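# heads up, no residue letters with this:
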């Protein structure tokens, strides 16, 4: 009785089909390249493996038994399924599969988003069937999600202090110190560093950025974890604060914001592509990293 299908069984079944399609043992010799006695021996092995006769052979000619007819149908289905499997397996060999979760810092420049979109577009032109998820969050949250395997990749301005994460430089963002139209420094022709001392500024939790800010506040009654909050405080005219230049640009063009000593007090923030160094990246993740680095190079 056939309890397991082995390679030898597949060979015997292929011989069986050839014999049937040729019309008998004698006619199958040329197709199989073996003698009739060998064919007979191989067919006997198959019948022994199955536990019943497949065909009648003799002076009356070659014909299948009822069970042989059923085995023929089942064998053709088996080999059709094997061909389907082979085709799908070959297709998967060069195909990117799975899921990708990518985190983005909030309030990214439009040009940066355009490049991220271009990288995704290039990735989609690959041979792939990958589910991609994008989410926006603050840097600390992105790092937390990377550490907890909730993200595969993240783009943001990070502390670089997480030993478990790899940080690859991607691009820089320029920041400047601003005041709003209602602030008493807004209309001054010139502003000095001395005049900035004691000004009520906006604090944010990103100490790793704040320590690099050319101007350090000594007084603050405003706190915001997000760029939009900092912008609202500055637009109030009661506070000064650092903002990304691309965020401030339309408000500056409308005459509602003013950069304070931008050449002296402006600075750049390095954005990185972060991933967990302790996790083996999938082929899809490796391809996405390549497309992002190429797009931002």
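It's in. Model, not experiment: these values are computed from the prediction.
# At which residues are the strands of the stretch 151-297 of the chain located?
153-156, 165-180, 202-203, 222-223, 240-244, 257-259, 267-276 (DSSP state E, counting those that start in this stretch).
# Residue 264: neighbour count?
For residue 264, the count of nearby residues is 10 (other CB atoms under 10 Å). Quick note: C-beta positions are derived from backbone N, CA and C, even for glycine.
# same question, residue 53
14.
# Make sure it is indeed in a strand.
No - under DSSP: H, G, I helix; E, B strand; the rest coil, residue 53 sits outside any strand and is assigned coil.
# now it: how far from residue 120?
Going from residue 53 to residue 120 by CB to CB, to the nearest Å gives 61 Å.
# now do residue 253
In terms of CB to CB, residue 253 sits 30 Å off from residue 120.
# Compare the two (neighbour count), which wins?
residue 120 (18 against 9).
# low-scoring stretches of the stretch 51-200 of the chain, by residue?
Scanning the stretch 51-200 of the chain for pLDDT under 70 picks out the ranges 90-93.
# re earlier: who wins for proximity to residue 48 among the strands of the stretch 151-297 of the chain?
strand 267-276 (55.9 Å; CB to CB).
# Buried residues of that closest one, list them for me.
267, 269, 271-276 (16 or more other CB atoms under 10 Å).
# Farthest-apart pair in the residues you listed, please.
Based on CB to CB, the longest span within the buried residues of strand 267-276 runs between 267 and 276 and measures 29.0 Å.
# Can you name the residues bridging to the closest residue to residue 266 other than its chain neighbours?
Leaving out its chain neighbours, the residue that sits closest to residue 266 by CB to CB, 6 or more residues apart in numbering is residue 176, at 4.4 Å. Here residue 176 sits in beta bridges with residue 243, going by DSSP bridges.
# Same check on residue 153?
Beta-bridge partners recorded for residue 153 (DSSP bridges): residue 102.
# Spit out the contact partners of it.
Applying CB atoms under 8 Å, 6 or more residues apart in numbering, one finds that residue 153 lies in contact with 100-103, 273-275, 285, 288-289, 292.
# Can I have the buried ones of those as a ChimeraX selection?
Selecting only the buried entries of these in ChimeraX, with 16+ other CB under 10 Å as the criterion:
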select :100,101,102,103,273,274,275,285,288,289,292
